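> Any chance you can model this:
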Amino acid sequence: STVLAWMLAVVSVVGVAGASWVVYGVASGLRADGQAFALAVTMTRIMFPYIIFISLTTLAAGVLNTYGKFSLPAFAPVLLNIVFIVAAVFVAPHMKVPVYALAWAVIVGGVLQFVAQLPGLRKIDMVPL
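Below is the predicted model:
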């Protein structure tokens, strides 16, 4: 898990640094609309670290499932959905660019998904270092 976390951190840093290339590669049509392209690049930079959290969440889920603990991995995605709803209903209306609330919700939801599985990992003495 430590090696995975470090590799994901490197990928995340590269992704954030090269966000404009990522957006261009995935949605090159946005290049014609400078404002949409800039918005997509900013949102990519905000959301790219989600790769770290969802990958560690998936690893934790695999470990928990191996030990017959299915409830926490099954519940974790619910947290992301709750964060999306809260961000859309309560946060977005108060932001200058409302869609950024959803981009930040991705990160918060990813962190919560991982953190929610830590008690289960602790019970089986498999907390990552």
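> how many other residues sit next to Pro93?
9 (other CB atoms under 10 Å). For glycine as for every other residue, the C-beta is placed from the backbone atoms N, C-alpha and C.
> and if you look at Phe48?
Phe48 is flanked by 21 other residues according to other CB under 10 Å.
> which ones are touching it?
Ser12, Gly15, Val16, Ala19, Val22 (CB atoms under 8 Å, 6 or more residues apart in numbering).
> Pull stretch 14-22 out as PDB, backbone CA atoms only.
Only the C-alpha atoms of stretch 14-22 are listed here, as PDB (Å, rounded to 0.1, in the frame of the first residue of the first chain):
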ATOM      1  CA  VAL A  14       2.100  14.700 -13.100                       C
ATOM      2  CA  GLY A  15      -1.600  14.900 -13.800                       C
ATOM      3  CA  VAL A  16      -2.100  18.100 -12.100                       C
ATOM      4  CA  ALA A  17       1.000  19.700 -13.700                       C
ATOM      5  CA  GLY A  18      -0.100  18.400 -17.100                       C
ATOM      6  CA  ALA A  19      -3.800  19.000 -16.700                       C
ATOM      7  CA  SER A  20      -4.000  21.000 -19.900                       C
ATOM      8  CA  TRP A  21      -2.600  18.100 -21.900                       C
ATOM      9  CA  VAL A  22      -5.000  15.700 -20.200                       C
END
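> buried residues in it?
For stretch 14-22, the neighbour count (16 or more other CB atoms under 10 Å) marks Gly15, Gly18, Ala19, Val22 as buried.
> Look up which helix or strand the first one falls in, please.
To tie it back to what came earlier, the one meant is Gly15. Per DSSP states H and E, Gly15 falls inside helix 2-17.
> roughly how far is that helix from the heart of the chain?
In terms of CA atoms, centre = their mean, to the nearest Å, the centre of helix 2-17 is found 13 Å from the chain centre.
> No further questions, thank you.
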